[in-house]
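J.: Okay, here's the prediction I keep looking at, along with the sequence it came from:
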Amino acid sequence: MLAVSNDLIEQIKKHIEDAYPEEGAGFLIGVDGEAKKIISLPNAREDEARHNRFLITPEEYLKAELTADRLGLSLIGVFHSHPDCPNIPSEYDREWAQPFFSYIISRVDNGRTVGHRSWRLMEDRSKYEEEEIKIS
């Protein structure tokens, strides 16, 4: 289970709706399956691919790791949007994912967020399993 405050969900929602019709993305920082902070990121993909792909640069990853360390927390996951399509992981998502991270995928239809789902990649990287999101 992934615990996320309503405030963080609202921050995610704002970021991904602002990014629409492109994918928006960022990191989840927390501890023991509870997100305490998000880091919203620009989509570093080339312009023509941003509508259905996101890219997090190594520099952004390092900055997020350092921020988490400074706060006494850890990177626990990634969030991103699927504009105008189901919020289930794609094969592309699976290829780039890491086991042990939570992956919130939010569906954004016509610029409005319509749902959030969270997924975890199996340790053997074969598939995702959906995990419950507890929003409080």
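T.: Alright, I've got the coordinates. Residues are numbered from 1 along each chain as shown.
J.: Does residue 22 touch residue 43 like I think?
T.: Yes: counting by CB atoms under 8 Å, residue 43 is a contact partner of residue 22 at 5.6 Å. All C-beta spots, glycine's among them, are computed from the backbone N, C-alpha and C.
J.: How far does stretch 21-31 sit from its chain's centre?
T.: Distance of stretch 21-31 from the chain centroid (CA atoms, centre = their mean, to the nearest Å) equals 4 Å.
J.: buried ones in it?
T.: Buried positions in stretch 21-31, judged by neighbour count with 16 or more other CB atoms under 10 Å: 22-30.
J.: Serialize those to TSV and add fields for distance to residue 48.
T.: Below are the buried residues of stretch 21-31 laid out as TSV (distance: CB to CB, whole Å):
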residue	distance to residue 48
22	11
23	13
24	17
25	17
26	22
27	25
28	28
29	31
30	34
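J.: Looking at strand pairing, list the partners for the most centrally placed residue in the chain.
T.: With distances taken as CA atoms, centre = their mean, residue 79 lies nearest the centre of the chain, 0.8 Å away. Per DSSP bridges, the residues bridged to residue 79 are residue 26, residue 104.
J.: for it, what are its contacts?
T.: Listed by CB atoms under 8 Å, 6 or more residues apart in numbering, the contact partners of residue 79 are 12, 16, 25-28, 38, 103-106.
J.: quick check, nearest of those to residue 134?
T.: Closest to residue 134 out of these is residue 104 (12.3 Å), distances taken as CB to CB.
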